[in-house]
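K.L.:
what follows is a predicted protein model with its sequence.
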Amino acid sequence: MLRLAILAIAPLAAACLTPPDNDILQFEDDFEACELCGWATTGDVRRVTTYHPGEHAMALAPGATAMTGVAIVRTPADTAWESDDGNWVELSTDCVGPGALDLVPDGAGGLAVVVALDDRGRAPFARHWLNFPPLDPAVMHRFDSLTLTAASLPCRVDNVQIRISGGTYGY
Amino acid sequence: MGTDLLRAALVVALLTATAGADELAPPGTTAPTPLAVADAPPPAPTRGARLQLALSGDLRITRLDGTADRFVDDAMAYGWRVAAARPLYGLGVDAHYLWTPIVDVGARVGHLTQDYAAGVDPADRMGIAWTTVAASARLHWAKGRPFLPEPRLDLGLARQTWTVHGVEDQATRSFARIGVDWRLGTRTAGVMLSVAYTLADHAAVDGPAPPVGGLDLAIGPYVRR
């Protein structure tokens, strides 16, 4: 019996909640701290409760837009061996797919990250990843804002993150 | 629920299979021993213990709940950075009346807790606390022989406190717990080992619902008076 208990408990002791490496996380919003603070909106955009009274998301009605400022600088690689883990936006949404991502010059030397949410249908919440277009590793890039737009379907969005490898943490 | 019932049946079948055929036979069905002639009258029967109290440290392996895999997938899909069906742990107290001939009836209260997921901020946790009360029945066919498995059934209600981002949500859930107890000790005191499977009603949640059923392991002292 003791042997059975040890065999059962040993793997459980290793099942701790160790967070993953977040070195390339540059921006994150889970919409829990306050009522869409930091977001400028057009159209019907609300903070809504999801599967638990303590869990909230941002709901965008069709045609609505939400924009927040970020301050992310991706410095040029300074060594030949420096690797690039990629650059992407991560979000959870009940729209069926990830949508589309574009980088738009903002006229001030920076780039606006624009995400058009998927308008093909609704689905249970799922995690989606939107890769940036290829960035020239020899050039400095500055990202000044993140914009989410809903087209013809309402979408709920939660846990939005921007991950830039090599960038400077500074939102 | 069907899968859970199969798991529970399997647990009981495996655990009770360790007893021999003679040990499992109902009282009075085994072959009689030869009579001996006594020179002196037998001593007057003494009144046995009638109440048993037990305290136990409890561990529930929620990984064996049928909804464990779905919880992890849903939590990661929603954006939790790490999620796992971790074991609930806590304490329980049993009180049983030893009802002749072979049935103990009583009640069990317990409290279990655990964190199931963490966000980008490691201090941002999803946690569960389960406070339970249950009616309990157990067959004590061991009749003084030590370390025989005694089947047991608990039916009860749990007050569930589900904490997400520091906000608590409370609900009442029903559960059934089926398994076996082993009593290691004398007629008046010792250690009780328990193995059981808990089936809990499934929460209707559009998102990651932490698994709260699974395989129970419990150990602790008991006394009889």
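P.N.:
In hand now; what should we look at?
K.L.:
mind listing the helices for chain A?
P.N.:
Applying DSSP state H to chain A gives helices spanning A:2-13.
K.L.:
ugh, wrong one, chain B
P.N.:
Counting by DSSP H, the helices of chain B are B:2-16, B:21-24, B:68-78.
K.L.:
so how far is B:Leu91 from the residue nearest the centre of chain B?
P.N.:
Nearest to the mean C-alpha position of chain B, by CA atoms, centre = their mean, lies B:Ala196 at 4.6 Å. According to CB to CB, to the nearest Å, B:Ala196 and B:Leu91 sit 16 Å apart. (Each C-beta comes from the backbone N, C-alpha and C, glycine too.)
K.L.:
ok, now A:Cys37?
P.N.:
If you go by CB to CB, the gap between A:Cys37 and B:Leu91 works out to 42 Å.
K.L.:
okay, those two: which has more neighbours?
P.N.:
Counted by other CB atoms under 10 Å in any protein chain shown, A:Cys37 and B:Leu91 do not tie: B:Leu91 has more neighbours, with 14 against 10.
K.L.:
hey, what's that one bridged with?
P.N.:
Note on B:Leu91: beta-bridge partners by DSSP bridges are B:Gly57, B:His111.
K.L.:
for it, give me the pLDDT.
P.N.:
What the model reports as pLDDT for B:Leu91 is 97.
K.L.:
what sits against it?
P.N.:
B:Leu91 makes contact with B:55-58, B:110-111, according to CB atoms under 8 Å, 6 or more residues apart in numbering or on different chains.
K.L.:
show me which of the residues you listed are buried.
P.N.:
Buried subset of these (neighbour count, 16 or more other CB atoms under 10 Å in any protein chain shown): B:56, B:58, B:110-111.
K.L.:
in the chain, which spans are strands?
P.N.:
Using chain A. Remark: strands assigned in chain A by DSSP state E are A:25-29, A:39-42, A:45-49, A:56-60, A:65-74, A:87-95, A:100-105, A:111-116, A:122-131, A:141-149, A:155-164, A:167-168.
K.L.:
wait, I meant chain B there
P.N.:
Going by DSSP E, chain B shows strands at B:51-61, B:82-83, B:88-99, B:103-118, B:125-139, B:150-164, B:167-185, B:189-200, B:214-224.
K.L.:
now distance to A:Asp118 too, for those, in JSON lines please.
P.N.:
Output for the strands of chain B, formatted as JSON lines (distance: least, CB to CB, whole Å):
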{"stretch": "strand B:51-61", "distance to A:Asp118": "39"}
{"stretch": "strand B:82-83", "distance to A:Asp118": "24"}
{"stretch": "strand B:88-99", "distance to A:Asp118": "38"}
{"stretch": "strand B:103-118", "distance to A:Asp118": "26"}
{"stretch": "strand B:125-139", "distance to A:Asp118": "27"}
{"stretch": "strand B:150-164", "distance to A:Asp118": "26"}
{"stretch": "strand B:167-185", "distance to A:Asp118": "29"}
{"stretch": "strand B:189-200", "distance to A:Asp118": "35"}
{"stretch": "strand B:214-224", "distance to A:Asp118": "37"}
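K.L.:
who wins for proximity to B:Arg70 among the ones you listed?
P.N.:
For those, proximity to B:Arg70 was assessed by CB to CB; strand B:82-83 is nearest, at 11.1 Å.
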